[in-house]
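K.L.:
Mind folding the following:
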Amino acid sequence: MAGVRSFLSGVLVLLAVLAAVVTVPARYAEGTLLDTDAYVAATAPLADEITTQDAVAEALTGTVVEQIDSGVLAGVLRPVIGEVADVFVRSEAFPPAWEEATRQGHAATMTVLRDESDVVDAAEGVVTLPLDPFLESIGQALRDRGLPVPEGFATTGADVVLYASDDLATAQSAVAALDRWTPWALPATVLLAVLAALAARPGRRLRTVAVTGALTAVAMLVLLVLLPEAVQAGFAGLDVGEAGRQVLDDTVEALLVPLRTQLWWAFGIAAAVGVGAGVAAGVLRRGRAA
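P.N.:
Model (predicted):
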């Protein structure tokens, strides 16, 4: 009977650790990647990055030039338009416009990923950064210089392609699974850890808790090394536009910050539980011996 309890407890410990390995990334994805407010907050500092500013200025310049009918005139005005776009992305007006563009782009993406769009085919899905939130400021600056800016040019629908997928249906399925199961992930992890302790023999329950905490802490350290690299590698192979490459790279790095933070928190909690239970088990063992 004792052997059966030890075996069952060991299996439950492993299941608890595996559940923790799944829970932290799942809660990160649900709470950061799939939540528009959290996503905007994580990527807002990118507005101060030179690479982001340069990429957006380049995309804006190309968009404005395309709105001018005459090819000759567009060629002559391109340096002026580029200068205006460059001044705008370095100005105080850019960060709020960046946040609005990010919010619009993320909200539209979530509509697609949650299969709530009537106009986007999953097989042709793309993730973009809309440029329209920036264009009104660019247009006004050009008008102030007496340049011909067509009416309605700030509602072009232009964007920078950040991600194009031939298999968005798979992403939709993954998001649906996350929405369905993530709320249960943490309770399931805690329940498995408690059951592992209860299944152990009475004298080894604290030791079981200590082992569970220690193994979970080690697992979090492994995730800290492997998971960010896996995320970066996954995005590195995506089909992105030339201007979108820099924006995407910076965005991925910004989004990894909350992931690393959550993994460090999980490591700290697991390590504290493991050490605390181990110390308590040692104290009780010495007390019995005395």
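
K.L.:
count of residues packed around the residue lying closest to residue 27 once chain neighbours are set aside?
P.N.:
Excluding the flanking residues, the one nearest residue 27 by C-beta to C-beta, 6 or more residues apart in numbering is residue 182, at 6.1 Å. For every residue, glycine as well, the C-beta is placed using N, CA and C. Residues contacting residue 182 under the criterion other C-beta atoms under 10 Å number 19.

K.L.:
pretty sure residue 182 belongs to a strand, no?
P.N.:
No. Applying DSSP: H, G, I helix; E, B strand; the rest coil, one finds residue 182 to be helix, outside a strand.

K.L.:
Need the pLDDT of it.
P.N.:
Here the pLDDT value assigned to residue 182 is 87.

K.L.:
try the one 10 residues further on
P.N.:
Turning to residue 192, the model gives it a pLDDT of 93.

K.L.:
And the helix or strand hosting it, what's buried?
P.N.:
Counting by DSSP states H and E, the element that carries residue 192 is helix 168-199. By neighbour count with 16 or more other C-beta atoms under 10 Å, helix 168-199 contains the buried residues 168, 171-172, 175, 178, 182, 185, 188-189, 192-193, 195-197, 199.

K.L.:
Ok, stretch 82-98 next?
P.N.:
Neighbour counts using 16+ other C-beta under 10 Å place 82, 84-86, 88-89, 94, 97-98 of stretch 82-98 among the buried residues.

K.L.:
Start and end of that stretch, how far apart?
P.N.:
18 Å (C-alpha to C-alpha, to the nearest Å).

K.L.:
Can you pull out the residues in contact with that stretch?
P.N.:
44, 46-48, 52-54, 56-58, 60-61, 64, 133-134, 137-138, 141-142, 145 (C-beta atoms under 8 Å, 6 or more residues apart in numbering).

K.L.:
Just the buried residues from the residues you listed, in ChimeraX please.
P.N.:
Command for ChimeraX, covering only those of the contacts of stretch 82-98 found buried under the criterion 16+ other C-beta under 10 Å:
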select :44,46,47,52,53,54,56,57,58,60,61,64,133,134,137,138,141,142
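
K.L.:
nearest to residue 17, of the buried residues of stretch 82-98?
P.N.:
Using C-beta to C-beta, residue 98 comes nearest to residue 17 of the buried residues of stretch 82-98, at 40.2 Å.

K.L.:
and residue 214, what does it touch?
P.N.:
Residue 214 neighbours (C-beta under 8 Å, 6+ apart): 270-271, 274, 278.

K.L.:
7 Å instead?
P.N.:
residue 274 (C-beta atoms under 7 Å, 6 or more residues apart in numbering).

K.L.:
Next, the angle from the helix or strand where it lies to helix 168-199.
P.N.:
Residue 214 belongs to helix 205-236 when assigned by DSSP H and E. Here helix 205-236 runs at an angle of 170 degrees relative to helix 168-199 (axes from the mean of the first three to the mean of the last three C-alpha atoms, to 10 degrees).

K.L.:
Tell me which helix or strand comes right after helix 205-236.
P.N.:
helix 242-289.

K.L.:
quick one, that next one and helix 205-236 angle?
P.N.:
170 degrees.

K.L.:
what helices or strands is helix 242-289 leaning on?
P.N.:
On a contact count with 3 or more C-beta pairs under 7 Å, 6 or more residues apart in numbering; DSSP states H and E, helix 242-289 meets helix 2-28, helix 36-43, helix 50-67, strand 159-164, helix 205-236.

K.L.:
Excluding residues flanking it in the chain, which one is nearest residue 14?
P.N.:
Nearest non-adjacent residue to residue 14 (C-beta to C-beta, 6+ apart): residue 215, at 8.0 Å.

K.L.:
tell me the mean pLDDT over the helix holding residue 214?
P.N.:
89.

K.L.:
And it, what's buried?
P.N.:
205-217, 219-220, 223, 227-228, 231, 235.

K.L.:
Also stretch 274-284?
P.N.:
Those would be 274, 277-278, 281, for stretch 274-284 by 16+ other C-beta under 10 Å.

K.L.:
what does stretch 27-47 give?
P.N.:
So for stretch 27-47, counting by 16+ other C-beta under 10 Å, buried means 27-30, 32-34, 36, 38-40, 42-44, 46-47.

K.L.:
Would you mind writing the CA trace of that stretch as PDB?
P.N.:
C-alpha atoms of stretch 27-47 as PDB (Å, rounded to 0.1, in the frame of the first residue of the first chain):
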ATOM      1  CA  ARG A  27      -1.800  32.800 -18.800                       C
ATOM      2  CA  TYR A  28       0.800  35.000 -20.500                       C
ATOM      3  CA  ALA A  29      -0.700  34.500 -23.900                       C
ATOM      4  CA  GLU A  30      -4.300  35.100 -22.700                       C
ATOM      5  CA  GLY A  31      -3.400  38.100 -20.500                       C
ATOM      6  CA  THR A  32      -0.900  39.800 -22.700                       C
ATOM      7  CA  LEU A  33      -0.900  38.600 -26.300                       C
ATOM      8  CA  LEU A  34      -4.700  38.300 -26.600                       C
ATOM      9  CA  ASP A  35      -5.700  41.200 -24.400                       C
ATOM     10  CA  THR A  36      -5.800  44.500 -26.300                       C
ATOM     11  CA  ASP A  37      -5.200  46.800 -23.300                       C
ATOM     12  CA  ALA A  38      -2.200  44.700 -22.100                       C
ATOM     13  CA  TYR A  39      -0.800  44.400 -25.600                       C
ATOM     14  CA  VAL A  40      -1.000  48.200 -26.100                       C
ATOM     15  CA  ALA A  41       0.600  48.800 -22.700                       C
ATOM     16  CA  ALA A  42       3.500  46.400 -23.500                       C
ATOM     17  CA  THR A  43       4.200  47.900 -26.900                       C
ATOM     18  CA  ALA A  44       3.700  51.600 -26.000                       C
ATOM     19  CA  PRO A  45       7.400  52.100 -25.200                       C
ATOM     20  CA  LEU A  46       8.300  51.200 -28.800                       C
ATOM     21  CA  ALA A  47       7.200  54.700 -29.900                       C
END
